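[1] the following comprises the amino acid sequence and a computationally predicted model.
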Amino acid sequence: MQIDIHPDVRSALSGGRPVVALESTLIAHGLPRPSNREVAARIEDRVRACGAQPATVAVLDGRATIGLDDRQLDRIGADDVVKLSERDLAVAAVKAVDGATTVAATASLASRVGIRVFATGGLGGVHRDADRSWDVSADLTTLARTPIVVVCAGVKSILDVPATLEHLETLGVPVVGYCSERFAGFYLADSGHPVPWTVDDAPEIARIHQAQRAVGSSAGLVVANPLPPTEQLDPGVHDDALASGMRQAAAGGVRGAALTPFLLDHFHQVTGGRSLDVNVELVLRNVTLGAEIAAALAS
Ligand code: PSU
Ligand code: MN
């Protein structure tokens, strides 16, 4: 697959300066239009304000693109963009389509060009009905063989969180909580589950990433960065929105790749936009930490 690297990203990488990869599925399918485009800009601006180079990843005309200019961000924020996981990249290349990359596809492409830190909202994971649907996000299997730090607010609360944590353990992907003993619950500060390890600062995370290489691991590192309780979605509102969203998805036969965008949109509607504010806030916090980790790795 042809990989185009934005000149600013290329010079940051060759100069050993901090770079933070960002995913485009979050923009294209995780946030409502048209505010998604403005949020994409805010996320990139935050990375720059923290002294790092943003590298939003997408597929444009079938070419993997690492670092997007304004017009390319417009294309990702528009209507007719498909959702590409890692397995779709080769097909998308041959069909020369525009596509937004998931955590799996973004991590894979970013790592391939030497980016070591990636910040996003929530990872994909094991869905609640996975015992019947087999719906387990490729985000997990990709992270098992992709040496990149992924800063997230845990996994989407629509998933089976304990099953996802178990699966990450099986796959050999370490999970650390940033300044917290609790695994972040995406819209909520606490998913209700503990993390195996707690880390206190960005340099420690950078050292763990390096130590993984030293012990011969090619796995990623999940850094769960919980919202402070004051910033989270009201837990009661959250649980009601989740229950009604799951019912509607089941009734409408929504499943597979369409389920995440459907449920996120449902949350945005039933919370009157509050979930969107929380979603944006948690991504901004994650990219801030991502920039600190990238700086620690660069120094
Ligand atoms: N979390 C969000 N919004 C999103 C996603 C995660 O808050 O849009 C996306 C990510 O791109 C993640 C993908 O990789 O959902 C997982 O999709 P699936 O469950 O179909 O693998
Ligand atoms: Mn899935």
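    In hand now; what should we look at? The structure displayed is predicted, hence computed values, not measured ones. Ligands and ions are numbered 1, 2, ... in the order given.
[2] which ones are touching A41?
    Residues near A41 by CB atoms under 8 Å, 6 or more residues apart in numbering: L73. For the C-beta atoms, the positions are set from N, CA and C on the backbone; glycine is no exception.
[3] if we use 10 Å, what do you get?
    I27, D70, L73, G77 (CB atoms under 10 Å, 6 or more residues apart in numbering).
[4] equivalent analysis for S11, please.
    By CB under 10 Å, 6+ apart, the residues touching S11 are I5, R17, Q53.
[5] repeat that for G124.
    Applying CB under 10 Å, 6+ apart to G124 gives the contacts 25, 85, 102-104, 135-140, 142-143, 155-156, 159, 164, 257, 260.
[6] out of the residues you listed, which are buried?
    The neighbour count (16 or more other CB atoms under 10 Å) marks 25, 85, 102-104, 135-140, 142-143, 155-156, 159, 164, 257, 260 as buried among the contacts of G124.
[7] what residues sit buried inside stretch 73-84?
    For stretch 73-84, by 16+ other CB under 10 Å, it's L73, R75, I76, G77, V81, V82, K83, L84.
[8] wait, I meant stretch 202-210
    Applying 16+ other CB under 10 Å to stretch 202-210 flags A202, I205, A206, I208, H209 as buried.
[9] which of those residues fall within strands?
    Among the buried residues of stretch 202-210, DSSP state E puts none in strands.
[10] switch those over to CSV; also include distance to ligand 1 and pLDDT.
    Below are these laid out as CSV (distance: CB to the nearest ligand atom, whole Å; pLDDT from 0 to 100):
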residue, distance to ligand 1, pLDDT
A202, 22, 98
I205, 21, 98
A206, 23, 98
I208, 22, 98
H209, 20, 98
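[11] just the closest of the residues you listed to V113, please.
    H209 (16.5 Å; CB to CB).
[12] what does the stretch 151-299 of the chain put close to ligand 1?
    Applying CB under 6 Å from any ligand atom, one finds that the stretch 151-299 of the chain approaches ligand 1 through K156, A257, T260, L264, N279.
[13] so which of the buried residues of stretch 73-84 are also by ligand 1?
    Within the buried residues of stretch 73-84, nothing lies near ligand 1 by CB under 6 Å from any ligand atom.
[14] of those residues, which belong to strands?
    Counting by DSSP E, these place V82, K83, L84 in strands.
[15] just the closest of these to ligand 1, please.
    For these, the closest approach to ligand 1 (CB to the nearest ligand atom) belongs to K83, at 7.1 Å.
[16] bridging across strands, which residues link to the closest one?
    A100 (DSSP bridges).
[17] got a list of what it touches?
    The contact partners of K83, by CB under 10 Å, 6+ apart, come to 24-25, 28-30, 99-102, 105, 257-258, 260-261.
[18] again with V20
    Counting by CB under 10 Å, 6+ apart, V20 touches 12, 43-44, 46-48, 50, 52-56, 110, 115-119, 149, 151, 286-295.
[19] same thing with D265?
    Each residue near D265 by CB under 10 Å, 6+ apart is listed here: H29, G30, L31, P32, G245, S275, L276.
[20] show me these that map onto helices.
    Cross-referencing the contacts of D265 against helices under DSSP state H gives H29, G245, S275, L276.
[21] just name the closest of those to ligand 1, please.
    Using CB to the nearest ligand atom, H29 comes nearest to ligand 1 of the ones in helices among the contacts of D265, at 5.1 Å.
[22] find the nearest non-adjacent residue to the closest one, please.
    Nearest non-adjacent residue to H29, counting by CB to CB, 6 or more residues apart in numbering: P261, 4.3 Å away.
[23] now the one you found: which helix or strand?
    Assigned by DSSP states H and E, P261 belongs to helix 259-270.
[24] how about whichever residue of the chain sits closest to ligand 1, nearest residue that isn't a chain neighbour?
    Closest residue of the chain to ligand 1, CB to the nearest ligand atom: G30 (2.6 Å). Excluding its sequence neighbours, the residue lying closest to G30 (CB to CB, 6+ apart) is L264, at 5.5 Å.
[25] these two touch, right, that neighbour and V254?
    No - L264 is beyond contact range of V254, at 11.9 Å (criterion: CB atoms under 10 Å).
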